[in-house]
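Undergrad: Here's a sequence, model it:
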Amino acid sequence: MSFFSNAAVNRLNLHSGIQTLAQEAGGIFILVFLLKAGVPAPLVLCSMAAMTAGRFVLRPFVLPIARRLGLRTTLVLGTLMEAAVFPILPFVKGVDGAFLAMVLVSPLGSVLYWTCYHAYFAAVGDDEHRGGQVAVRTALMALVGIGAPLLGGWALFLGGPWLAFPAAGVLQMLAALPLLGAPQVAVAPAAPGGFRVAWMGSALMACDGIFAGGYHYVWQVALFIALGESFTAYGGAMALSALAGTVFTLWIGRHIDAGKGRSAILIAFVVAAGVLALRGVSLGSPWLAVTANALGALVVAVWVPALMAPIYNLAKASPCPLRFSVATECGWDIGCGVSCLVGAAIVASGATYAAPILIGLVGVTMASGLLWRRYGASGPTALST
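TA: Residues are numbered from 1 along each chain as shown. Here you go, the predicted structure:
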């Protein structure tokens, strides 16, 4: 496939595979571990909102750091700092000092990592193969995600948090290795209009953040409870989900690059809305919840390439991909934080998890509407600003 010809993207996708191994073996268990450690469910969701707020506050500091170190080096630094949260987790025993430390430390690496990751992927990728390159990354992450949750679940079951989370931290640091030989990307000292042109990307990412709050974070807590708070059952459900979507994502990426962006968005919306609705009604039955979780892999397979391919192209065409990423990531933080806070309030009121899960429908509907209008007929992944 022609989109494998970019060595920098290949390195970045290899890095993403190792990063996913760490996050799927450790990161996806963070919220449910807090629940198991005695943190009430509404506070678990509030902690996620607090972490996104921390990222939002820290985001402006990414630009001067990246200007000084370069984009790739800052991405390496963020990759290493993402590991800092894992050694703290075994100390959490409810709402205590370790819980507060986890909430404060988590945004430090996350804000550097994700802001620079998206900017770097935009800068080194190819517009004409963007859908395929994003799809390959998504498929690789899904493939890794088949075994990683099983490993994480069994590590927590057999060795507890003192085995599972430090091991995930080591894997997270190893994810920096493929980046060491990747090209450096300089950040311009000034980029007039660099933030202003990012309004569309910021709006799309804010909608995606609202979607992620219900679809991903509230669902993690709800699924864990539905499965009897079993780490192994939860890890198995996540592994089954990854298996379901590995191949389909490659098809959707080629579909986008072939100039069929609007049909990709339509498919993504129908799949996402259908799976969200199923998740909302599945929580009374563990087997139905596992099925709804597995079908979520199809959402990732169609949604991520359809959303991120045009955003990356907009970022590359902007005066500065990093400034563009700062703006878009701020949008995601706002959307996800608000979604998690609303979900926490609904759960605290005594309502079921169905309503906060379905909040994700608001985000996916708004994002699909924006993408439908903006996918241009002149190019497969073009978005006019």
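
Undergrad: So, low pLDDT: which residues of the stretch 101-250 of the chain?
TA: For the stretch 101-250 of the chain, the stretches flagged by pLDDT under 70 are 191, 193-196, 240-250.

Undergrad: quick one: the helices in it?
TA: Ranges of helices in the stretch 101-250 of the chain, per DSSP state H, counting those that start in this stretch, are 130-159, 161-174, 199-212, 219-226, 231-245, 248-257.

Undergrad: How far away from the center of its chain is the second one?
TA: Taking C-alpha atoms, centre = their mean, to the nearest Å, one finds the center of helix 161-174 at 19 Å from the center of the full chain.

Undergrad: Then the shortest one?
TA: In terms of C-alpha atoms, centre = their mean, the centre of helix 219-226 is set 18 Å apart from its chain centre.

Undergrad: I'd like the helices of the stretch 101-250 of the chain laid out as TSV, including distance to K316.
TA: To be clear about C-beta, it is placed using only N, CA and C from the backbone, and glycine gets the same treatment. Compiled in TSV, the helices of the stretch 101-250 of the chain are given as follows (distance: least, C-beta to C-beta, whole Å):
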stretch	distance to K316
helix 130-159	9
helix 161-174	27
helix 199-212	11
helix 219-226	32
helix 231-245	26
helix 248-257	15
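
Undergrad: Save these as TSV, and put in mean neighbour count and distance to N293 too.
TA: Output for the helices of the stretch 101-250 of the chain, formatted as TSV (neighbours: other C-beta atoms under 10 Å; distance: least, C-beta to C-beta, whole Å):
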stretch	mean neighbour count	distance to N293
helix 130-159	23	11
helix 161-174	20	20
helix 199-212	23	15
helix 219-226	24	6
helix 231-245	22	5
helix 248-257	23	16
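
Undergrad: Go through those and name the closest to A297.
TA: helix 231-245 (2.9 Å; C-beta to C-beta).

Undergrad: Could you measure from V170 over to S282?
TA: 35 Å (C-beta to C-beta, to the nearest Å).

Undergrad: circling back: nearest to F61 among the helices of the stretch 101-250 of the chain would be which one?
TA: Set against F61 and scored by C-beta to C-beta, those come closest in helix 199-212, at 18.5 Å.

Undergrad: just the CA coordinates of the closest one, formatted as PDB?
TA: Listed next in PDB are the C-alpha coordinates belonging to helix 199-212 (Å, rounded to 0.1, in the frame of the first residue of the first chain):
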ATOM      1  CA  TRP A 199     -11.900  27.200  14.700                       C
ATOM      2  CA  MET A 200     -13.400  24.300  12.600                       C
ATOM      3  CA  GLY A 201     -10.900  21.800  14.100                       C
ATOM      4  CA  SER A 202     -11.700  23.100  17.600                       C
ATOM      5  CA  ALA A 203     -15.400  22.700  17.100                       C
ATOM      6  CA  LEU A 204     -15.100  19.200  15.700                       C
ATOM      7  CA  MET A 205     -12.800  18.200  18.600                       C
ATOM      8  CA  ALA A 206     -15.200  19.700  21.200                       C
ATOM      9  CA  CYS A 207     -18.000  17.600  19.700                       C
ATOM     10  CA  ASP A 208     -15.700  14.600  19.800                       C
ATOM     11  CA  GLY A 209     -15.000  15.300  23.500                       C
ATOM     12  CA  ILE A 210     -18.700  15.300  24.300                       C
ATOM     13  CA  PHE A 211     -19.000  12.000  22.400                       C
ATOM     14  CA  ALA A 212     -16.000  10.500  24.200                       C
END
